[in-house]
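Peer 1: My questions are about this predicted structure, shown below with the sequence.
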Amino acid sequence: MKNNNLPVCIIGSGLAAMSAALSLVERGVRPTILDVGLSLSDDISKLASEMGGVEPELWSESHKTLMFGNRSLDKEGIPLKLAFGSSYFYGVDSIDAPIQSLGGEFPPFSYAQGGLSVGWGASALPADPRDLSDWPSETKNLREHYQFLLRNIAYSAVDDRLSSNFPVYSSVIDPIKIQPGNLALLNDMEKANIFVKDQITFGQARSLVQATDSKNGLGCKYCGNCMSGCVYGAIFKSDKILKDLIAHDKIDYFCNHHVLKLAEDERGVTVYFKNKNNFGKLTFSKVFLAAGAVNSTRIILKSKNIYNSRTLLKAVPGFVMPMIRIGKANNTWPKANTLSGIFLEYKPILDFWAHCQISIPNELVLKKIDLQFSSNWHPSAIKSLLSRHLVVATVTLHSNFGNGYALSLVRDGVTENDTLVSSREPPGEAKNAIREAMKKLSGITRKFGCYPLSSFALDSTISNGYHIGGSMPMKSRPVNSTDTDILGRPLGFQRVHVIDSSIFPTIPATTIGLLAMANSARIIKSVHLE
């Protein structure tokens, strides 16, 4: 790639980045995308393509073991989601971007093509504007941007009770078939009359999943392996947009570009990067930074020479709660879609929603049970009992009640490889908030015959946070060096726009992916392009 002046640059290929790419292309702009762009190994990609070309019944046992095995099942705690058996999309310490943790886990980040969407669950629920109370007023109305995105992405949704507070925002919805066990749970919730206007609502889970075959791709085949990735491409990942734009020659995409810092002057923005073993730079009129909350923060701290200064990265707290259901739940696995089945939204603290995803056990839970009781005297009876009566609830809370991460960039005086140091904030009020949310959830679920096993619950206060962001919060009037304006411009910049979750003033409990995409589209459509 020549070092020429280029018009517009996007850094990254995750959800916010690809939303920006769609929005720019709609405006008639051909963006250049710089990305690290790690991908699956060629042999696994080839096997996934081969398996995606036939029906699930034709898969060999050896291929299923290779593609859907999960080595984290042997460890304590919640199993790690993998992509076809690989953890490549989880960011790790590297020579190009060192990161050090002072105890505990790193905050989640990725260098993969598609970012963390490579391994996400695709759940998609728009935020209630009341959960964005700390956001500048100009940034809260995202209706048209949700609608724009859902015209371009398959959406599995039902216009049900959830719509009372969380509109569908799409005229074209194609819901996946809900498992009989989850449908029975929904019916129990309806019979128990737990709905309370603006306090408790529920409905079928919503996700960015293609339910049926169309010109845009294959639909769900109900193969029972959603937690390991979809060989048919029915579960949306942001690299689907990337590949479509490349195929239609709408963008210029360059991988293996690890962006280090940005410098702005009257001529434009110079992007400094490392490409394999070489350093380079390119100048653009505008730069839209969407490298993910951790990496975008690193790039801006370095660009502004902010060293040895504490920057707070917010995280939503949460917990996983197993429950026993009195009635049996019919689990059709492996002939099932195993993504989240039901959304339950409730308000345990103040006027902020807690987001609860309830389902009968997915394949990771079922396999975990199998391992847990493999040496038991009567393993089949115990596993049968658990699989038929077990329900799993995953709950997230608003970031106002969470403990995030303190980030600090430490200078390397010899190379460009400054170290980002991360430490988890003390649990503080997060423990109390989780306790209150558990108590409120228990009161709700008992009404429809599900009894929480509180002693087996796992919370997020010491492990990896769920959703992260807010390190460079949008403000109507930026004051601090890491503040951004309503267009995501860090204080002192005019041509650099940060567009991922790092600019969220706070993070609602509801799913973060669709919100990040909508806010990115809002910024792109509001920016003046020369």
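Peer 2: Thanks, I have the structure now.
Peer 1: Would you mind listing the buried residues in the longest helix anywhere in the chain?
Peer 2: Criterion DSSP state H: the longest helix present in the chain is helix 430-445. Along helix 430-445, these residues count as buried under the neighbour rule (16 or more other Cβ atoms under 10 Å): 430, 431, 433, 434, 436, 437, 438, 440, 441, 444, 445. All C-beta spots, glycine's among them, are computed from the backbone N, C-alpha and C.
Peer 1: How many neighbouring residues does residue 389 have?
Peer 2: Residue 389 has 17 neighbouring residues, counting by other Cβ atoms under 10 Å.
Peer 1: next one: phi and psi at it?
Peer 2: Dihedral angles of residue 389 (phi, psi; degrees, to the nearest 10) stand at phi -120, psi 0.
Peer 1: close enough to count as contact, it and residue 323?
Peer 2: No - using Cβ atoms under 8 Å, residue 389 is not in contact with residue 323; the gap is 9.0 Å.
Peer 1: Can you classify residue 344 by secondary structure?
Peer 2: State at residue 344, reduced to three classes by DSSP: H, G, I helix; E, B strand; the rest coil: strand.
Peer 1: now it: how far from residue 441?
Peer 2: From residue 344 across to residue 441, the span is 8 Å (Cβ to Cβ, to the nearest Å).
Peer 1: Now do the shared contacts for the two.
Peer 2: Here residue 344 and residue 441 have 356, 393 as joint contacts, going by Cβ atoms under 8 Å, 6 or more residues apart in numbering.
Peer 1: residue ranges with poor pLDDT in the chain?
Peer 2: Low-confidence segments of the chain (pLDDT under 70): 1-6, 77, 371-386, 416, 462-465.
Peer 1: Given the lengthiest strand in the chain, what are its sheet partners and their directions?
Peer 2: Taking DSSP state E as the criterion, the chain has its longest strand at strand 278-289. Here strand 278-289 is paired, per DSSP bridges, with strand 5-11 (parallel), strand 268-275 (antiparallel), strand 496-498 (parallel).
Peer 1: before we move on, back to that, list the helices and strands the longest helix of the chain packs on?
Peer 2: strand 318-325, strand 342-349, strand 352-359, strand 390-396, strand 450-452 (3 or more Cβ pairs under 8 Å, 6 or more residues apart in numbering; DSSP states H and E).
Peer 1: Alpha carbons only: can I get it in CSV?
Peer 2: Extracted in CSV, the C-alpha atoms of helix 430-445 (Å, rounded to 0.1, in the frame of the first residue of the first chain):
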residue,chain,number,x,y,z
ALA,A,430,-21.0,-4.6,43.0
LYS,A,431,-21.4,-7.5,45.4
ASN,A,432,-24.3,-5.8,47.1
ALA,A,433,-25.9,-5.0,43.7
ILE,A,434,-25.6,-8.6,42.6
ARG,A,435,-27.0,-9.8,45.9
GLU,A,436,-30.1,-7.6,45.5
ALA,A,437,-30.5,-8.7,41.9
MET,A,438,-30.3,-12.4,42.9
LYS,A,439,-32.9,-11.8,45.6
LYS,A,440,-35.3,-10.0,43.3
LEU,A,441,-34.8,-12.7,40.6
SER,A,442,-35.5,-15.4,43.1
GLY,A,443,-38.8,-13.8,44.0
ILE,A,444,-39.8,-13.6,40.4
THR,A,445,-38.8,-17.0,39.2
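Peer 1: That one versus strand 342-349: what angle between them?
Peer 2: 120 degrees (axes from the mean of the first three to the mean of the last three Cα atoms, to 10 degrees).
Peer 1: count of neighbours near residue 163?
Peer 2: 14.
Peer 1: Give me the phi and psi angles of the nearest residue to residue 67 once chain neighbours are set aside.
Peer 2: Spatial nearest neighbour of residue 67, chain neighbours left out: residue 84 (4.9 Å); criterion: Cβ to Cβ, 6 or more residues apart in numbering. Per-residue torsions, residue 84: phi 50, psi 40 (degrees, to the nearest 10).
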